[in-house]
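Asker: I'll drop the sequence and a predicted model, then ask my questions.
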Amino acid sequence: MKHQGSCLCGAVRFEIKGPLRPPDACHCQSCRKQSGHFWASTDVASESIHIEGEDKLTWFASSDKVRRGFCSVCGSNLFWDPIHHDTIAVAMGALDQPTGVGLGMHIFVSQKGDYYTINDGLPQNQR
C-alpha cells in the first residue's frame, strides 16, 4: 500500500509505504498558529516516507524537541517532526485522496480556539 502527497505547488512531493494510522487533530496554540486552524496529521515511521524536492523543504525548530517542515516556495505546512524519534507526522491535507482513514481523536483541546466547537463525538484529550 502506498500513499502520495505534495505541497500546494508540487515542489515537495512524498510517498508513504504502508497503511496510515487514524490521524489526530491537534488544537494546541502552536499548531493553530502554524496552520491557521487546527492541525490534522498521521504519524508514520520515518523509514516509510520518501521525500522528493527536499531542497525546497524548510525546517523551523518550533521548540528544542520538534521541528516543522514546510515548502519554501508555496509555504504549505507538511510535516511535524519530533527530533530523535523514529516517526514523523504528515499533514492530512497534503495527502492525495483517497486516504482510507478517518480522524481518530482530538488532542490539546484545552488550548483550542474559542471560535469553534468540537462536537463530532471523537475522544478529546486535554493534552
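Answerer: Thanks, I have the structure now. Numbers count the residues shown, from 1 in each chain.

Asker: Burial check on the closest residue to Ile16 other than its chain neighbours, number of neighbours?
Answerer: Nearest residue to Ile16 in three dimensions, chain neighbours excluded: His3, at 4.5 Å (C-beta to C-beta, 6 or more residues apart in numbering). Heads up, the C-betas are built off the backbone N, CA and C, glycines and all. His3 is surrounded by 23 other residues when neighbours are defined as other C-beta atoms under 10 Å.

Asker: go on, Val101?
Answerer: Using other C-beta under 10 Å, Val101 has 15 other residues around it.

Asker: residues contacting it?
Answerer: Under the criterion of C-beta atoms under 8 Å, 6 or more residues apart in numbering, the contact list for Val101 reads 20-23, 42.

Asker: Report the buried residues of the lowest-mean-pLDDT helix or strand in the chain.
Answerer: Here the helix or strand of the chain ranked lowest by mean pLDDT, DSSP states H and E is helix 29-35, holding a mean of 94. Neighbour-count burial for helix 29-35 flags 30-32, 34-35 (criterion: 16 or more other C-beta atoms under 10 Å).

Asker: can you check stretch 50-63 too?
Answerer: Of the residues in stretch 50-63, those scored as buried under the neighbour-count criterion (16+ other C-beta under 10 Å) are 51, 53, 56-57.

Asker: ok, the spatially most central residue of the chain - contacts?
Answerer: A centroid search over the chain (C-alpha atoms, centre = their mean) returns Ala91, at 2.8 Å, as the residue closest to the centre. Listed by C-beta under 8 Å, 6+ apart, the contact partners of Ala91 are 5, 35, 39-41, 76-80.
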